[in-house]
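Student: what's the 3D shape of this:
(one chain, ligands or ions: 1)
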Amino acid sequence: MKTMLITGFKGEIGSQMLKELVKKNSNNQIIALDIAEKNQNHTFKNVEFIQDSITNIDLLQSIFEKHDIDEIYHFVALLSQSSKKNPELAQKINVDSTISIIDLAYDLGLKKKKFTKFFFPSSIAVYGPRKIALASEKDIIKPKSLYGLNKISIEQYGTKKHEQSILNCSGVDFRSLRFPGILSPYNIPTGGTTDYLPQMLHSAKNGLNYVCQVDKKTTLPFITIDNAIRAITQIMSPKSIESKLRSFNVQDFSISAYNFELILREMFSEFQIQYKSNQDMQNIADSWPESLNCELAISFGFSPDREIKKIINNLINLIDV
Ligand code: SER
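Tutor: Below you'll find the predicted structure:
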């Protein structure tokens, strides 16, 4: 039996990861933390729900004192546009609280003479300042956005703690994926730069027209939520990952806003889009890679799905109207 902690379980990735953890680990104990109230229909019997802020360090300490946690899935975060609007909160949530929880995982590992596994969702935002194609993990990294700077600082902090842990033979086992935009039929995201694509998808299905805040030529990589969850499970499953690099790229396909619109219009002939670039969004989108080299993740079992039309069709069918 294992004990797992998932933070941000009400978010886009967290909500689907919690379902997956519950499905896969019916004997395990899961502690699920979010500032938002849990849904009334969340009645999983092996889950202890806690409604509180990740900035409550006393709470975090008491969770680690009470439970011998084996795996942490840390999804609480402000996305790129929200971070730009609220840099102090972004620093508190995306950096300070994340460091506290990595430290608690490390201390617990030392105390119990084990490795506490830690999953961190990083982002294509770590790349920049210019758009490149097929970015690989060691490419030049000079993020333009605060969000990207925060993500890279946690990647580096987690990697350093991981290296220290290897020397101690106990501590934290830090693993991370650099996610592109996520396409989910279950949520309509807000606060991010890549939101325009999933928002277009939901608008088309709901019979609404859409105003896109990036230029029609803007091309970024995307992954479906189901494949993102599979990738997390794949990277967290092995006992250890023999790699000094601890953050790996994943994506399914890359597409421009306009080509995505064309596919949607084949399915919804009435659907209409207006392009009105928002400078903040455009500047960030133009500094992120148009595609990622995913060879390393593929070597751990990740399998990109490149059948764009089939993917879009499946997502459309899954959206509840
Ligand atoms: N989807 C995120 C954002 O747009 C990037 O990781 O902010």
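
Student: so the nearest residue to Gln272 once chain neighbours are set aside versus the ligand, what's the distance?
Tutor: Nearest residue to Gln272, sequence neighbours excluded (Cβ to Cβ, 6 or more residues apart in numbering): Asn209, at 4.5 Å. All C-beta atoms are positioned from the backbone trio N, CA, C, and that covers glycine. In this view, Asn209 and the ligand are 22 Å apart by Cβ to the nearest ligand atom, to the nearest Å.

Student: could we number from 19 for the rest of this?
Tutor: With the count now opening at 19, the last piece we talked about shows up as Asn227.

Student: surely Asn227 is in contact with Ser221?
Tutor: Yes: contact criterion Cβ atoms under 8 Å: Asn227 and Ser221 qualify, at 6.9 Å.

Student: looking at those two, which one has more neighbours?
Tutor: Ser221 (20 against 11; other Cβ atoms under 10 Å).

Student: check contacts around the residue of the stretch 169-318 of the chain found nearest the ligand.
Tutor: Nearest residue of the stretch 169-318 of the chain to the ligand: Gly210, at 2.8 Å (Cβ to the nearest ligand atom). Neighbour list for Gly210: Leu97, Ser98, Gln99, Ser100, Gly199 [criterion: Cβ atoms under 8 Å, 6 or more residues apart in numbering].

Student: joint contacts of Asn227 and Ser221?
Tutor: Phe289.

Student: can you name the residues of this protein sitting close to the ligand?
Tutor: Residues of the chain lying close to the ligand (Cβ under 6 Å from any ligand atom) are Leu97, Ser98, Ser141, Ala143, Tyr165, Phe197, Gly199, Gly210, Thr211, Thr212.

Student: gap between the second one and Leu263?
Tutor: Using Cβ to Cβ, to the nearest Å, one obtains 23 Å as the distance from Ser98 to Leu263.

Student: next: the third one.
Tutor: According to Cβ to Cβ, Ser141 stands 16 Å off from Leu263.

Student: swap in the fourth one?
Tutor: As for Ala143, its distance to Leu263 is 18 Å (criterion: Cβ to Cβ).

Student: so which of those two has more stuff around it?
Tutor: Neighbour count, other Cβ under 10 Å: between Ala143 and Leu263, Ala143 has more, with 28 against 12.

Student: check contacts around the residue nearest to that one when sequence neighbours are not counted.
Tutor: Once flanking residues are discounted, Ala143 sits nearest to Gly166: 3.5 Å by Cβ to Cβ, 6+ apart. By Cβ under 8 Å, 6+ apart, the residues touching Gly166 are Ser98, Ser141, Ala143, Val144, Tyr145, Gly146, Ser305.

Student: now do the helices in the stretch 119-268 of the chain.
Tutor: Using DSSP state H, counting those that start in this stretch, the helices of the stretch 119-268 of the chain run over 164-186, 214-223, 243-254.

Student: tell me which of those sits most buried.
Tutor: Compared across the helices of the stretch 119-268 of the chain, helix 214-223 shows the largest average neighbour count, a mean of 22 (mean count of other Cβ atoms under 10 Å).

Student: hang on, the earlier thing: output the helices of the stretch 119-268 of the chain as JSON lines; include the columns mean pLDDT.
Tutor: Formatted as JSON lines, those follow (pLDDT from 0 to 100):
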{"stretch": "helix 164-186", "mean pLDDT": "97"}
{"stretch": "helix 214-223", "mean pLDDT": "98"}
{"stretch": "helix 243-254", "mean pLDDT": "98"}
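
Student: looking at the ones you listed, spot the one closest to Glu89.
Tutor: The closest of the helices of the stretch 119-268 of the chain to Glu89 is helix 243-254. By Cβ to Cβ, the value is 6.5 Å.

Student: list the helices and strands that closest one packs on?
Tutor: In terms of contact count using 3 or more Cβ pairs under 8 Å, 6 or more residues apart in numbering; DSSP states H and E, helix 243-254 is assigned the packing partners helix 30-42, strand 89-92, strand 133-141, strand 189-197, strand 199-201, helix 313-317.

Student: fine by me, thanks again.
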